[in-house]
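Asker: Predicted model, plus sequence, below.
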Amino acid sequence: MNILAIESSCDETAAAVVEDGRRALSSVVASQVEEHRLYGGVVPEIASRRHAEAISGVVRQALEEAGTPLSAVDAVAVTCAPGLIGALLVGVNFAKGLSLSAGLPLVPVHHLRAHIAANYLAHPELEPPFLCLVASGGHSHIVRVEDYTRFTVLGRTRDDAAGECYDKAARAMGMPYPGGVELDRRAARGNPDAYRLPHPRVEGKDGAPCYDFSFSGLKTAVVNLLHNAAQKGEAVAEDDLCASFQKTAVDMLAGNTLRAAEASGLRTVVLAGGVSANSGLRARMEEECRRRGYALYAPPLSLCGDNAAMVGAQAYYEFRAGHTAGLDLNACATMPIERAAF
Ligand code: KG4
Ligand code: ZN
C-alpha cells in the first residue's frame with residue numbers, strides 16, 4: 001500500500017511516499033528555518049504563508065522522486081494535530097483537496113504518533129509494545145505504546161518542552177534559532193561539572209510514582225546565571241555551561257524514562273522527536289539500556305526532526321485500524337496522543 005503523506009505542523013513543509021508503513025520511497029522536506037531565524041523563533045503567520053507557497057511543489061517532488069504517479073497512490077495522509085493552527089490548516093486543506101479530486105481515502109495523523117513511527121522506517125523488527133520518550137520543540141512525553149494506534153501517557157512536561165528549553169538556553173547564550181543542535185555540539189567541548197544547575201524532580205500526589213518533567217527552572221537558571229555574570233562583569237565559560245546544561249537535561253530525560261521503563265516492565269525503549277537527535281541523550285541511553293539488558297531504538301538523525309515519511313509510516317497503521325476521515329476533517333492546535341477518533 002502506497003501512502004502519500006503531508007506534514008506542515010510547524011516550520012517544515014514536507015511530503016513523502018511510504019510503502020506499507022515501513023519503507024520511504026521518497027521524503028522531501030522544505031525547511032523555513034533560515035527565515036524564522038531572523039526573528040529568533042517561528043513566526044506563525046510567516047510559517048502559514050510559506051507552507052501555502054511550497055506545498056504543491058513539495059508534493060509533486062515527493063511523487064516524482066518515488067517514481068509513483070498519483071494513480072499508484074492508495075491513500076493521502078496528513079498531520080492534523082497538534083501544531084500551529086494556520087500551518088496545520090495548509091496541509092489539511094491540501095490533503096482534503098487531493099483526496100477529493102483523486103478519490104483517495106484521507107488518513108489524519110497525530111504529529112507525536114508520527115514521530116514515534118519514524119522508528120518503524122529505520123527498524124524493521126521494532127513492534128509495540130514498547131516504552132517511548134517523545135521529546136520535541138513542543139512536547140516531552142513518556143508514552144507506553146500499547147500497539148500501533150493505542151497509547152498511554154505515563155509522564156509529560158508540566159511547563160516547557162525539552163527542545164524549547166534547549167532553544168531558550170541556547171538563545172540566552174547568543175546562538176541562533178533553533179539552538180538545540182549547537183548547544184549539543186558545544187557541550188561536547190565543555191566540562192559538565194563546571195556549573196551546578198537545578199534538577200527539579202516532580203513529585204506525584206501522596207508519594208505516588210511520577211514521571212512528569214519540569215524544564216522551566218533549568219532554563220531560568222541559565223538565563224539568571226548569564227545575567228548575573230554580565231552585571232558583575234564576569235566571563236562565563238560558555239562551553240562549560242553548555243556541558244553542564246546538557247548533563248542536567250539528559251539526567252532528567254533519561255532518569256524519568258528509565259524509571260518508567262522499570263515500573264512498566266517493558267524491556268524495549270524507544271526515542272523519538274527532534275531532541276532524540278541529541279548526542280548526550282543517545283549516548284546516555286545506550287549505556288543505561290545496555291547495562292539493564294533493554295533493547296534501545298532511535299531514529300537516524302535524518303528522521304528525528306519533522307518530516308513526512310514518519311507521517312506516512314503511522315498513517316499505514318491508522319488506515320489499517322479504520323481511522324480515516326471525511327472532508328469535514330479539521331486541524332487542531334492541541335490534541336492528546338491517546339485520542340484515536342478524529
Ligand atoms: O520534533 P521537532 O523537529 O519539531 C517539533 O515537533 O517540535 O523538534 C525540534 C526541536 C527543537 O527544539 C530543536 O532545538 C531540538 O528539537 N533539537 C535538539 C537537537 N536537535 C534538534 N535538541 C537538543 N539536541 C539536539 N541535537
Ligand atoms: Zn515534530
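Answerer: The structure has been received and is ready for your questions. Ligands and ions are numbered 1, 2, ... in the order given.

Asker: Show the contacting residues for the residue of the stretch 51-200 of the chain found nearest ligand 2.
Answerer: Proximity of the stretch 51-200 of the chain to ligand 2 (C-beta to the ion) peaks at residue 136, 4.4 Å away. For glycine as for every other residue, the C-beta is placed from the backbone atoms N, C-alpha and C. Listed by C-beta atoms under 8 Å, 6 or more residues apart in numbering, the contact partners of residue 136 are 112, 115, 161, 162, 163, 273, 274, 275.

Asker: Give me the pLDDT for the residue nearest the centre of the chain.
Answerer: The residue lying closest to the centre of the chain (C-alpha atoms, centre = their mean) is residue 273, at 2.6 Å. Looking at residue 273, its pLDDT stands at 98.

Asker: And for residue 200?
Answerer: For residue 200, the predicted pLDDT is 85.

Asker: give me the element it is part of.
Answerer: According to DSSP states H and E, residue 200 maps onto no helix or strand at all.

Asker: Report the secondary structure state of the closest residue to residue 41 other than its chain neighbours.
Answerer: Nearest residue to residue 41, sequence neighbours excluded (C-beta to C-beta, 6 or more residues apart in numbering): residue 177, at 5.5 Å. On the three-state scheme (DSSP: H, G, I helix; E, B strand; the rest coil), residue 177 is labelled coil.

Asker: Which residues are in contact with residue 177?
Answerer: Residue 177 touches 33, 36, 37, 39, 40, 41, 167, 171, counting by C-beta under 8 Å, 6+ apart.

Asker: Burial check on the fourth one, number of neighbours?
Answerer: Burial of residue 39, expressed as a neighbour count using other C-beta atoms under 10 Å, amounts to 10.

Asker: For residue 264, give me phi and psi.
Answerer: Dihedral angles of residue 264 (phi, psi; degrees, to the nearest 10) stand at phi -80, psi -20.

Asker: Count the residues that sit near it.
Answerer: 17.

Asker: Next: residue 47.
Answerer: Residues within reach of residue 47, counting by other C-beta under 10 Å, total 25.

Asker: Give me the pLDDT for the closest residue to it other than its chain neighbours.
Answerer: The shortest distance from residue 47 to any residue other than its chain neighbours is 4.7 Å, reached at residue 87 (C-beta to C-beta, 6+ apart). On pLDDT, residue 87 comes in at 98.

Asker: export stretch 6-22 as CSV, just CAs?
Answerer: Once non-C-alpha atoms are left out, stretch 6-22 reads as follows in CSV (Å, rounded to 0.1, in the frame of the first residue of the first chain):
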residue,chain,number,x,y,z
ILE,A,6,2.0,15.6,4.1
GLU,A,7,3.4,17.4,7.1
SER,A,8,3.1,21.1,7.8
SER,A,9,2.6,21.4,11.6
CYS,A,10,5.5,23.9,12.3
ASP,A,11,8.2,25.2,10.0
GLU,A,12,8.9,22.4,7.6
THR,A,13,6.8,21.7,4.5
ALA,A,14,7.2,18.0,3.9
ALA,A,15,5.8,15.3,1.7
ALA,A,16,6.7,11.6,1.3
VAL,A,17,5.6,8.4,-0.3
VAL,A,18,5.7,5.4,2.1
GLU,A,19,5.1,1.8,1.2
ASP,A,20,3.4,-0.4,3.8
GLY,A,21,4.3,1.8,6.7
ARG,A,22,7.9,0.7,6.7
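
Asker: In three-state terms, how would the nearest residue to residue 133 once chain neighbours are set aside be classified?
Answerer: Spatial nearest neighbour of residue 133, excluding adjacent residues (C-beta to C-beta, 6+ apart): residue 257 at 4.5 Å. When classified by three-state DSSP, residue 257 comes out as helix.

Asker: How about residue 108?
Answerer: strand.

Asker: And for residue 15?
Answerer: When classified by three-state DSSP, residue 15 comes out as strand.

Asker: pretty sure it is touching residue 62, no?
Answerer: Yes: contact criterion C-beta atoms under 8 Å: residue 15 and residue 62 qualify, at 3.7 Å.

Asker: Quickly find the element holding residue 296.
Answerer: strand 295-297.

Asker: Okay, the residue nearest to the centre of the chain and residue 242: tell me how far apart.
Answerer: 20 Å (C-beta to C-beta, to the nearest Å).

Asker: now residue 337, what's its secondary structure?
Answerer: Quick answer, by three-state DSSP: residue 337 is coil.

Asker: oh sorry, the question was meant for residue 228
Answerer: Following three-state DSSP, we place residue 228 in the helix state.

Asker: burial measure for it, as a count.
Answerer: Residue 228: 11 surrounding residues under other C-beta under 10 Å.

Asker: Give me every residue in the chain lying close to ligand 2.
Answerer: Proximity of the chain to ligand 2 is confined to 136, 306 under the rule C-beta under 5 Å from the ion.

Asker: low-confidence ranges in the chain?
Answerer: Low-confidence segments of the chain, defined by pLDDT under 70: 340-342.

Asker: which residues of it fall in helices?
Answerer: Per DSSP state H, the chain carries helices over the ranges 33-37, 44-66, 85-102, 111-122, 162-172, 180-187, 216-232, 238-264, 279-292, 309-320.
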